[in-house]
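# Need a 3D model of the following:
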Amino acid sequence: MNSGDFIPGLFLGKNSLPEEHLSGSEEHNETEVDEQLNNHILAIHLEQELTEHLILRALVRYGARLYNQPFSYRDTQFFTIGPHLEWIITPDIELLVGYHFERGYTDKDQTAQYQDDIGYINHFASAELKLRLLPELFMNIIFDYEHNDYTSPYENDIHHDSYENVYQGEIEFLYEMTEAIALKAGWQHGNRKFSYETRNVHNNNGWIGVEYHF
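Residues are numbered from 1 along each chain as shown. Here you go, the predicted structure:
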């Protein structure tokens, strides 16, 4: 199965202007502007039933992250590949595990003048356990681990010889009211740490919602 995604205007936050875009007065007062990007992704999903209870899936993906001015020198092309395995242990218990490898490339002709390169090698692993607690009530438990090695060749770049670790856990309950309508509520906790920072960044998200299938 092939799929394509376009995600425009993704807001990344405020970021300092590259030095080339600063005027004389701005050099003494740090200027921050909105940093945004457009995501273009083309993906191929392959699936093979190994046994009655085991399904192997493969993901191949290519994409581009295109940044707004004055950050367009960060434009990144990337490819992703990886396997995912679904194991139907019983009619009420399913286990999904997966891994993917991703490589992000920048244009060295663009990044050299700024000494700022966000190229990377990414390893991502995940596990998800799906449980049917009652005929209409389900619980999903998910754990993700992500490791990024940054590939900047510039010694003065903060990304040079740096890496990032991300841990994320999630639990969600889903109650099927009808075949088309379900209520759901969940909680997610994330922990992110860059090698060049002294503190971990913790993130918590909770949600309550309604899922409707047409």
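
# Give me the below-cutoff pLDDT ranges for the chain.
Residue ranges of the chain with pLDDT under 70: 19-30.

# Tell me the helices and strands packed up against the longest strand along the chain.
Determined from DSSP state E, the single longest strand within the chain is strand 32-49. Under the contact criterion of 3 or more C-beta pairs under 8 Å, 6 or more residues apart in numbering; DSSP states H and E, strand 32-49 touches strand 2-16, strand 54-67. C-beta coordinates here come from the backbone N, C-alpha and C atoms, glycine included.

# Tabulate the ones you listed in JSON lines, adding columns for mean neighbour count and distance to residue 206.
JSON lines is the format used below for the helices and strands packed on strand 32-49 (neighbours: other C-beta atoms under 10 Å; distance: least, C-beta to C-beta, whole Å):
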{"stretch": "strand 2-16", "mean neighbour count": "11", "distance to residue 206": "22"}
{"stretch": "strand 54-67", "mean neighbour count": "16", "distance to residue 206": "28"}
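
# got the ones you listed as JSON lines, with distance to residue 149 columns?
Formatted as JSON lines, those follow (distance: least, C-beta to C-beta, whole Å):
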{"stretch": "strand 2-16", "distance to residue 149": "21"}
{"stretch": "strand 54-67", "distance to residue 149": "18"}
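
# Nearest approach to residue 83 belongs to which of those?
With C-beta to C-beta as the criterion, residue 83 lies closest to strand 54-67 of those, at 5.5 Å.

# could you give the angle of the next helix or strand after the closest one to strand 32-49?
Counting by DSSP states H and E, the next helix or strand C-terminal to strand 54-67 is strand 76-90. Calculated by axes from the mean of the first three to the mean of the last three C-alpha atoms, to 10 degrees, strand 76-90 forms an angle of 40 degrees with strand 32-49.

# Strand 76-90: partners in the sheet, and parallel or antiparallel?
Next to strand 76-90 in the sheet, as set by DSSP bridges, lie strand 54-67 (antiparallel), strand 93-106 (antiparallel).

# what comes up buried for the last one?
In this case it means strand 93-106. For strand 93-106, the neighbour count (16 or more other C-beta atoms under 10 Å) marks 94, 96, 98, 100, 102, 104, 106 as buried.

# Which residues does the last one form beta bridges with?
In this structure, residue 106 has beta-bridge partners residue 76, where bridges are defined by DSSP bridges.

# One more: the third one?
Taking DSSP bridges, one finds residue 84, residue 126 as the beta-bridge partners of residue 98.

# for it, what are its contacts?
57, 82-85, 125-127 (C-beta atoms under 8 Å, 6 or more residues apart in numbering).

# Quote the end-to-end distance of stretch 112-122.
Separation of the first and last residues of stretch 112-122 by C-alpha to C-alpha, to the nearest Å is 22 Å.
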